[in-house]
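In: compute the structure for the input listed below.
(2 chains)
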Amino acid sequence: MKAPFSAFFIGMEGKLSDLQRGARTIVCTLHAGDVLARRLRALGMGEGAQITLLRVSARRRVFYVRTGSTVVALGAETADMIGVRV
Amino acid sequence: MKIYLVGTPNAGKTTLFNALTHAHARVGNWHGVTVGALEREGAFGDGRAVYVDLPGIYTPQGSSMEEKVTARALRDDPHAPVLFVAECASLPRTLPLFYALCRDRRAAIVLTKRRPFERRGGRADIPAMAKSLGVPILDGESLRGGELARAVACLVQAAPVRDAHTLHGYVPAREGETGAERLLMKGGFALPFFFALLAAAFFLTFAPYAPGDAMKRGVEALFSDLLAGQARRIPSPVARSLIADALLPGLGTVLGFLPQILMLFAFLTLLEESGLLSRLAALTDGAFSRIGLNGRAVFSLAMGFGCTAAAILTTRGLDDRRVQRRTILCLPYISCSAKLPVYLTLSASFFENPFAAVCLLYVLGIAISLLVALLTDNAPRAPFVMELAPLQRPSLQFLAKSLLFQAKQFIIKVATVILAFLLTSWLFSSFDASFHLCGVEESMLAGVCRGIGWLFAPAGMNDWRIAYAALSGLIAKENVAGALAMLCGEFPYGAASAFALCVFVLTCSPCVSAIAAAAHELGWRRALFYALLQTASALGMCYLSYALWRGGALYALPFALPVLLYCLMRKPHEGIPRPRKHHARRVHGQHLRAGFLLPAPPAQGEKRPRQRRARQP
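Out: Below is the predicted model of the structure:
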């Protein structure tokens, strides 16, 4: 499997909530408290995880993200806390 | 020996628990069904052991009340063996949790949902996986009955779990969503779809001559025509009074609604089992966040249509204690199945079509519930994260078993609580202080309850029988319908009073079971305070409804204006400033054109979207 082109650009981080539907990216950092960060890692959205933004609700309040075999729904505040490679 | 069943939510722990112990614990296709530890003895090899089904957990340091229950149970019994239940598809992700929970314990992994995993191209070579991890692995789907109990006995020989190992013999399933899953993520389709489902469920249950109504008429005919006719031939006046005037009208009224209650439960079960409920929770999170709840509260509110007490218990899955308290405060306004007999008994007085009346009351209850959430919203809520349950076709066998269980529970309740209430009411309403048979107005009950007749006077019902029937709903809501049928026969007041009484039942404190469940979560002081507040406000709502019906919308102004002013002047929570949609598109487009992002491959059947050219400076 080809490595994503973006893998060569280290340090360019954005927020998951800034991405558009269909974007595939890698989680860089979790700017969340301990409890939430552990929950996100347990759901497969820890640092280095490859995720796909499947869909965003009309008012960008709910973000549907696929990580491996799991689909997770995130509120807008949570999506703002997930730093991804852009 | 105690054996703990642990794993992530919706992995299949309770299904395994039911298989090992022949129990009938509640299962459902959403995260958070099991809210407390369940213990039961079951077969273990050739002997017996106590199995403990624990709520699902994501991390040992989880913040929700359910996760704390599990973490505490494992901490208090550090050497007990564990069966770690994991879905095939998410095994690699849950292995860290396995090692965190099962270190230094004898443990085995039980794999579930293997068939859907293999249908999506996944492969699990169980012997190879067991060898690579160094722990026994069982296939939870292929083992049944005695085979399962013998297989689980491998725990006796299992070595304590030590270091983490790399998993071999596992091929992950293909990623991708089905067409139905993609459709249900689109708000434009999913919300109308859910409304249509709800409308269909209500129509089939309540519309005249629909299946629910037809079955109800059948049961009523059995009680009123067949059995009542026989009862009138009983020679003894006391026995005739008991059976023909109390038991048959009272029990017949309540039991007559059993088919419609079961139809509502069938709809709820289908919603749970199919995985639609978790999608509804995700869809509504945005709207719920504006009133201080989150999408996860949808589970509890949906369960409230079945039973308020059970719904209160499901609030343990909420991470935020404040959201839990607010949800518990809103739940009594969701019309549970026990209120249905009351609505249908009274609705004939104010609506020719019971379907319209019931719909109005359900919608009113939901609106009041959301208004209460809005008025009590005083703090930012916890961030929303929720794993979506997979969509699956509900099993008819499971549905049938679930409905049989609900019918059994309902009949037991009628045969115990409601029967006891009706017998007591008949005794006190048929005899005077000297224990001579007499009319209702001369009875002991009239003597005691005449003092509360004024309670419903502002609603046009200065009648102790109505007050007694309404307040009997605090024991069980079905008692209201039974007591009205026994003491009044046909409802003796007009449409406005009937509607006002329905509103009182809708907004009153829930029954004692629900108050006890609330006390378990919030403490007795808060639970009783909520109950008193709800009962007092229910009386106010009853009077207001009567005034509105009789006098028009003008009466609503003194009450609606303060609420409207509060909503307008309320400071919304300071959300995290988020860029608008076009900013997100611009950021995404710039990076795409610069080559920092690979364009996502189009989903199956979709065309690749055209990319705009970069603007020239």
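In: what distance do you get for B:Val110 to B:Thr15?
Out: Shown here: B:Val110 relative to B:Thr15, a distance of 10 Å by C-beta to C-beta, to the nearest Å. (Glycine included, C-beta is placed from N, CA and C.)
In: who has more neighbours out of those two?
Out: Between B:Val110 and B:Thr15, counting by other C-beta atoms under 10 Å in any protein chain shown, B:Val110 is the more crowded of the two (24 against 18).
In: quickly find the element holding the more buried one.
Out: strand B:107-112 (DSSP states H and E).
In: and that strand, what other elements does it pack with?
Out: helix B:13-21, strand B:82-87, helix B:91-102, strand B:137-139 (3 or more C-beta pairs under 8 Å, 6 or more residues apart in numbering or on different chains; DSSP states H and E).
In: near the residue nearest to B:Gly169 when sequence neighbours are not counted, how many other residues are there?
Out: Nearest residue to B:Gly169 in three dimensions, chain neighbours excluded: B:Ala128, at 2.7 Å (C-beta to C-beta, 6 or more residues apart in numbering or on different chains). By other C-beta under 10 Å, the residues close to B:Ala128 number 14.
In: is it true that B:Ala128 touches B:His168?
Out: Yes: B:Ala128 is in contact with B:His168 according to C-beta atoms under 8 Å; the separation is 5.6 Å.
In: ok, and the closest non-adjacent residue to B:Ala310?
Out: Looking at B:Ala310 with C-beta to C-beta, 6+ apart, the closest residue is B:Met303, at 5.6 Å.
In: swap in B:Ser497?
Out: B:Gly460 is the one closest to B:Ser497 (C-beta to C-beta, 6+ apart), at 4.3 Å.
In: surely the residue nearest to B:Gly169 forms part of a strand?
Out: No: in this structure, B:Ala128 is helix, not part of a strand, as judged by DSSP: H, G, I helix; E, B strand; the rest coil.
In: how about low-confidence regions in the chain?
Out: As the question left the chain open, I've gone with chain A. A:1-11 (pLDDT under 70).
In: I was thinking of chain B, sorry if that wasn't clear
Out: In chain B (pLDDT under 70), the answer is B:145, B:350, B:379-380, B:553-560, B:562-564, B:566-617.
In: ok, the closest residue to chain A within the stretch 101-250 of chain B - contacts?
Out: Ranked by C-beta to the nearest C-beta, the top residue of the stretch 101-250 of chain B for proximity to chain A is B:Met185, at 4.4 Å. Counting by C-beta atoms under 8 Å, 6 or more residues apart in numbering or on different chains, B:Met185 makes contact with A:Leu54, A:Arg55, A:Tyr64, B:Glu177, B:Arg279, B:Ala282.
In: just say which of the helices and strands packed on strand B:107-112 is most tucked in.
Out: Stretch with highest mean neighbour count among these: strand B:82-87 (a mean of 26; mean count of other C-beta atoms under 10 Å in any protein chain shown).
In: what residues sit buried inside the stretch of helix or strand B:Gln534 belongs to?
Out: Element membership for B:Gln534, per DSSP H and E: helix B:524-551. Neighbour-count burial for helix B:524-551 flags B:527, B:530-531, B:534-535, B:538-539, B:541-549 (criterion: 16 or more other C-beta atoms under 10 Å in any protein chain shown).
In: so which of the helices and strands packed on strand B:107-112 gets nearest B:Ala151?
Out: Closest to B:Ala151 of the helices and strands packed on strand B:107-112 is strand B:137-139 (C-beta to C-beta; 5.1 Å).
In: ok, then the element right after that closest one?
Out: Past strand B:137-139, the next helix or strand by DSSP H and E is helix B:145-152.
In: so where do the strands sit in the chain?
Out: In the absence of a named chain, chain A is used. Remark: strands assigned in chain A by DSSP state E are A:13-15, A:24-30, A:50-56, A:62-67, A:70-75, A:82-85.
In: chain B was what I was after
Out: Using DSSP E, strands in chain B cover B:2-7, B:38-44, B:47-53, B:82-87, B:107-112, B:123-124, B:137-139, B:170-171, B:385-387.
In: what would these look like in JSON lines with distance to B:Val161?
Out: Listed next are the strands of chain B as JSON lines, based on distance: least, C-beta to C-beta, whole Å:
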{"stretch": "strand B:2-7", "distance to B:Val161": "12"}
{"stretch": "strand B:38-44", "distance to B:Val161": "19"}
{"stretch": "strand B:47-53", "distance to B:Val161": "18"}
{"stretch": "strand B:82-87", "distance to B:Val161": "9"}
{"stretch": "strand B:107-112", "distance to B:Val161": "5"}
{"stretch": "strand B:123-124", "distance to B:Val161": "19"}
{"stretch": "strand B:137-139", "distance to B:Val161": "12"}
{"stretch": "strand B:170-171", "distance to B:Val161": "18"}
{"stretch": "strand B:385-387", "distance to B:Val161": "25"}
